[in-house]
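Q: I need the structure of the sequence given here:
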Amino acid sequence: MNTVAKLTQKQIEKLAVEIRTFLLEHDMWVDTQIYFNGKCFDTHDKETGEFYYNDPEHLVVRENEDPRRYFENVAEDHILSMAFEGTVCHMLWYGTNPGIKKKFDRIFEKRGLYYEFGDHWNFTCYYIGE
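A: Okay, the predicted model is just below:
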């Protein structure tokens, strides 16, 4: 019997906002996408061609987005997925900023989540204990 408490869409959106805010606070909101609830937070505005790196004033939100269009390994019961390059990739793969990574991981753990990498540049979330 699975007793893992599922996050609501509102809670998942709060998670996405917290991740973006965290990355902004650490100057890491660069070449990053966060997919959740059928939408995507992005650093690149595809319509204008503008990039908004580490810019808290400009949140690019794309509707009707599914991470499966961009990478293969996405949880069947999708919660949240991310794609990233640069500083986020270096933090997650190469051990740069271990203190920041520990805080980043805590964002997920406190909600009963963990993430698994699909490729070098993306991950998807799962519930702990599932």
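Q: what's the neighbour count on residue 10?
A: A total of 9 residues lie near residue 10 under the criterion other C-beta atoms under 10 Å. Where C-beta positions appear, they are placed from N, C-alpha and C, glycine not excepted.
Q: now do the phi/psi pair for it.
A: Dihedral pair for residue 10: phi -60, psi -40, per degrees, to the nearest 10.
Q: if I look at it, how far off is residue 93?
A: Separation of residue 10 from residue 93 (C-beta to C-beta, to the nearest Å) stands at 31 Å.
Q: can you map out the strands along this protein?
A: Here the chain has its strands, by DSSP state E, at 32-36, 39-42, 60-63, 80-84, 113-119, 122-127.
Q: which elements pack onto the last one?
A: Based on contacts counted as 3 or more C-beta pairs under 8 Å, 6 or more residues apart in numbering; DSSP states H and E, the elements that strand 122-127 packs against are strand 80-84, strand 113-119.
Q: state the distance from the closest residue to residue 120 other than its chain neighbours to residue 116.
A: Nearest residue to residue 120, sequence neighbours excluded (C-beta to C-beta, 6 or more residues apart in numbering): residue 93, at 6.6 Å. Between residue 93 and residue 116 the computed distance is 13 Å (C-beta to C-beta).
Q: close enough to count as contact, residue 112 and residue 129?
A: Yes. Contact status for residue 112 versus residue 129: in contact at 7.5 Å, counting by C-beta atoms under 8 Å.
Q: the two: who's more crowded?
A: The neighbour count for residue 112 versus residue 129, taken as other C-beta under 10 Å, is higher for residue 112 (15 against 10).
Q: count of neighbours near the closest residue in space to the more buried one that isn't next to it in sequence?
A: Leaving out its chain neighbours, the residue that sits closest to residue 112 by C-beta to C-beta, 6+ apart is residue 128, at 5.1 Å. Counted with other C-beta under 10 Å, residues neighbouring residue 128 total 12.
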